[in-house]
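J.: Take a look and give me a structure for this.
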Amino acid sequence: MSQQDGRALNRVGTFQLAGKAQGSALVLSHALSFWGGVDAETGDIIDRSHPGGNVAGKILVMASGRGSSSSSSVLAEAIRRGTAPAGIILQRPDPILAVGAIVAEFLYEISMPLVICDISGIVSGDRIAIGMAEGAQAMVSKL
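T.: Numbers count the residues shown, from 1 in each chain. Prediction:
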């Protein structure tokens with residue numbers, strides 16, 4: 001479900017890991033693997049198939065993650081270091097990223113929401129908020 005008029009966007013989604021976050025959107029045109037694709041010390045995107053950038057504090061938006069199972073540990077470490085995205089919005093569920101976020105919440109008591117919803121209309125630089133909607137659903141809004 002989405003509602004758009006101009007820059008307004010309110011979209012209901014599903015949480016893979018519930019939480020709240022705000023930040024500038026970083027939209028990737030194709031999947032990113034955190035294993036070998038993100039430097040957990042800095043948050044820099046180091047995958048050469050991407051144009052670069054830094055995920056730290058951003059709302060990372062992409063269709064899906066891209067394997068390896070080690071991406072879970074890299075994401076959890078980035079969350080611990082404070083270099084992870086503030087939140088991640090995906091078009092399709094990703095159990096590997098979900099495990100990394102869940103482990104970080106369990107071990108470090110640091111929450112990073114992971115939301116599944118329609119990502120169309122979100123562009124890099126948009127200010128995005130992730131919050132709770134009725135029924136424990138995710139609400140994704142442009143600010």
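J.: separation between residue 31 and residue 96?
T.: According to CB to CB, to the nearest Å, residue 31 and residue 96 sit 11 Å apart. Where C-beta positions appear, they are placed from N, C-alpha and C, glycine not excepted.
J.: what touches both of these two?
T.: Both residue 31 and residue 96 are contacted by residue 65, under the criterion CB atoms under 8 Å, 6 or more residues apart in numbering.
J.: which residues touch the residue nearest to residue 82 when sequence neighbours are not counted?
T.: Among residues not flanking residue 82 along the chain, residue 56 sits closest, at 7.2 Å (CB to CB, 6 or more residues apart in numbering). By CB under 8 Å, 6+ apart, residue 56 lies in contact with 42-43, 78, 82-85.
J.: out of those, which are buried?
T.: Among the contacts of residue 56, those classed as buried by 16 or more other CB atoms under 10 Å are 43, 78, 83-85.
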